[in-house]
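Trainee: Mind looking at a prediction? Sequence and model below.
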Amino acid sequence: MQVLSNGVPVPTDSEHFAPMQDSTALLNDPAALRDRFQQDGYVYLRGVLDREKVINLRGHYFGMFDDAYFASGTDRSAGIWSGSAPANALPHGVEGHPAHTLVRSPYFEDFAASPELANLAQILLGEDEVFQLPRQIVRHFNKGPLSSRAHTDFDYMDRGSASIITMWLPIGDCPPESGGLTYLEGSHTIEKSKLDVLKGKRTDRSGDLRPISHDLGWTQEQLGGRWLYADYKAGDVAIHSPHLVHASLDTQTDAMRMSVDLRFLPKSVEPDPRWLTKWAGNDGN
């Protein structure tokens, strides 16, 4: 299957596309795990969360949608799209949409408070006391040419400390063809000025200069490095620096891609105030 992002083909030869380094073996060596994170700008960890807990969250979320959204005879936790949305479907994440409701529920709060995640944040930030930002994001993508553009997180949270990490959790199995996250190798070391000069040159979102581009191949030509991918399974976690360029791939399977973004920072630093309130799909951040 051809790999796409926002409908644009992504080069997949070995010079441009490669698997992420699996750091699961370092979970029992906090110092080595932290060193790997600082070196690569990310760590990919398998089986951090209980698989059943993750699949249950997927089923709980998709259970909030109309039956017409799903292929007949399929289980909600599978999230198999029917190919169309109800005519009255709300935009993703606005008030009244299941994603907006979910992130404000005790069910989700319990999931986000999983101690395994806070422990990883303590290790990677090198801090005993960490804080999870209240703006927690739930996304899902149907089959089609839509995905997150190449960007760095800090461009969306630059009114606070850069001492922050993002945890990306696939809520369900997510191979590349289902729209997983992809990282541009070594890009956390690139000067911000070199990234900024690219913004607005090749974009499908001319009114927003925070993303670099919707075209991952072009972004790679300008910055170098390979796009790194993983065959994510429910329970895996990918954690990245706010300066690492990343994007997502298009969902080309009937199984919808669902994910959760959580962010942690030391309690001792100043957070971006925009991230101290609950997320909404139309909050502009």
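Mentor: Sure thing, it's come through.
Trainee: biggest strand in the chain by residues?
Mentor: If you go by DSSP state E, the chain has its longest strand at strand 257-266.
Trainee: Show me how far that one is from its chain's centre.
Mentor: Computed by C-alpha atoms, centre = their mean, to the nearest Å, the separation of strand 257-266 from the middle of its chain amounts to 7 Å.
Trainee: do the same with stretch 218-228
Mentor: On C-alpha atoms, centre = their mean, the centre of stretch 218-228 falls 19 Å from the chain's centre.
Trainee: For F131, the count of nearby residues, please.
Mentor: 19 (other C-beta atoms under 10 Å). Bear in mind the C-beta positions are built from the backbone N, C-alpha and C, glycine included.
Trainee: tell me what the helix or strand it falls within is packed against?
Mentor: Applying DSSP states H and E as the criterion places F131 in strand 130-132. Strand 130-132 sits against helix 115-125, strand 257-266, with contacts defined as 3 or more C-beta pairs under 8 Å, 6 or more residues apart in numbering; DSSP states H and E.
Trainee: out of the ones you listed, which comes closest to P175?
Mentor: Closest approach to P175 among the helices and strands packed on strand 130-132 is made by strand 257-266 (10.0 Å; C-beta to C-beta).
Trainee: Can you list the helices and strands that the closest one packs against?
Mentor: On a contact count with 3+ C-beta pairs under 8 Å, 6+ apart, strand 257-266 meets helix 51-62, helix 106-112, helix 115-125, strand 130-132, strand 137-141, strand 165-170.
Trainee: repeat that with 6 Å
Mentor: Contacts defined by 3 or more C-beta pairs under 6 Å, 6 or more residues apart in numbering; DSSP states H and E place strand 257-266 against strand 130-132, strand 137-141, strand 165-170.
Trainee: Need the pLDDT of the closest residue to D40 other than its chain neighbours.
Mentor: Nearest non-adjacent residue to D40, counting by C-beta to C-beta, 6 or more residues apart in numbering: Q21, 6.5 Å away. pLDDT, Q21: 98.
Trainee: Equivalent analysis for M1, please.
Mentor: Looking at M1, its pLDDT is 69.
Trainee: now do the one 10 residues further on
Mentor: For P11, the model assigns a pLDDT of 96.
Trainee: Next, count neighbours for E270.
Mentor: The tally of other residues near E270 (other C-beta under 10 Å) stands at 10.
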